[in-house]
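Student: Sequence plus predicted model, see below.
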Amino acid sequence: MPVRPKKTTSAKKAKKVKKTAVKATAKKAKKAKKPATKKIAKKAVAKTSPDKKTAKQGKKKPAKTSVKKAANKRVVKTPKETTAWRISPEISQSVVDIDIWKKGDLKIEHLTVYRTGWIVVDQLPDLSGYNPDEGVSIFEEFEFEEHEVFDGSEETSTFPKELPSEECERLMALSEEELVGEGWTIEASTRFSGPLVVEEV
């Protein structure tokens, strides 16, 4: 009789050990499962977050291109065509440069005749009161930035009667700077005469 209780107690102990072992393994399994699920979740978040960033970047790109297109459209609209007119004498040798040198009561007039010449103006001139016989001083009557004269063919100089011929020859040999250095001042003008040709350029 006393042997049976010992067997039963040992069997109970064995069952308890098994249960505790099962519980311990179950707890370990639960613990092992929990971090695995957390790690997977973190990985999933890490994977999805770059997608969100790229989606945001993708939204910004069209805005930049649209701004560039708008800028390009503005540049296309800005250029404006400018119109200019060229004025020149119709008849050859109708361009004259006039240099008038003055010193006190003395006056020397020097003329140079050119075969042709032209000026370019921004606005169409009103030539209704133009007299071809008198001509026009281009620097006084027109505003322009470009002008040209070609082929100076004739030069004449007129001196005061009170100046001796030797002095006239000496003054003719001087340069403009030397004349200014001796106290002479100059008034220069260029005149077109005869019929004028106006061309759009």
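Tutor: That came through, no problem.
Student: Just the buried positions in the host helix or strand of residue 191, please.
Tutor: Assigned by DSSP states H and E, residue 191 belongs to strand 185-192. Residues 190-192 are the ones in strand 185-192 that count as buried (16 or more other CB atoms under 10 Å). The way it works is simple: take the backbone N, C-alpha and C, and place the C-beta from them, glycine included.
Student: Same question for stretch 123-130.
Tutor: residue 125.
Student: With just CA atoms, put it into CSV.
Tutor: Extracted C-alpha coordinates of stretch 123-130, given in CSV (Å, rounded to 0.1, in the frame of the first residue of the first chain):
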residue,chain,number,x,y,z
GLN,A,123,10.1,108.3,-87.0
LEU,A,124,8.8,109.1,-90.4
PRO,A,125,9.7,112.8,-91.1
ASP,A,126,7.3,115.4,-92.2
LEU,A,127,8.9,116.9,-95.4
SER,A,128,5.9,118.9,-96.5
GLY,A,129,7.7,122.3,-95.9
TYR,A,130,11.0,121.1,-97.4
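Student: quick one: residue 82 is in a strand?
Tutor: No. Read with DSSP: H, G, I helix; E, B strand; the rest coil, residue 82 is coil and lies in no strand.
Student: That one contacts residue 121, correct?
Tutor: No. In this structure, residue 82 is not within contact of residue 121 by CB atoms under 8 Å, at 11.7 Å.
Student: Just want to know which of these two has more residues nearby.
Tutor: Higher neighbour count among residue 82 and residue 121: residue 121, with 18 against 6, using other CB atoms under 10 Å.
Student: domains of this structure?
Tutor: Structural domains annotated on the chain: 1-80, 85-200, as defined by automatic domain parsing.
Student: Mean pLDDT lowest where, among those?
Tutor: Mean pLDDT is lowest for domain 1-80 among the domains of the chain, at a mean of 48.
Student: From residue 140, how far out is residue 148?
Tutor: 18 Å (CB to CB, to the nearest Å).
Student: and those two? which has more neighbours close in?
Tutor: residue 148 (13 against 9).
Student: Just the element for the more buried one, please.
Tutor: strand 144-158.
Student: If you count neighbours, what's buried in that strand?
Tutor: Buried residues in strand 144-158 (16+ other CB under 10 Å): 144, 147, 149.
Student: all helices for this structure, in order.
Tutor: Ranges of helices within the chain are 3-77, 138-141, 165-173, 176-181, based on DSSP state H.
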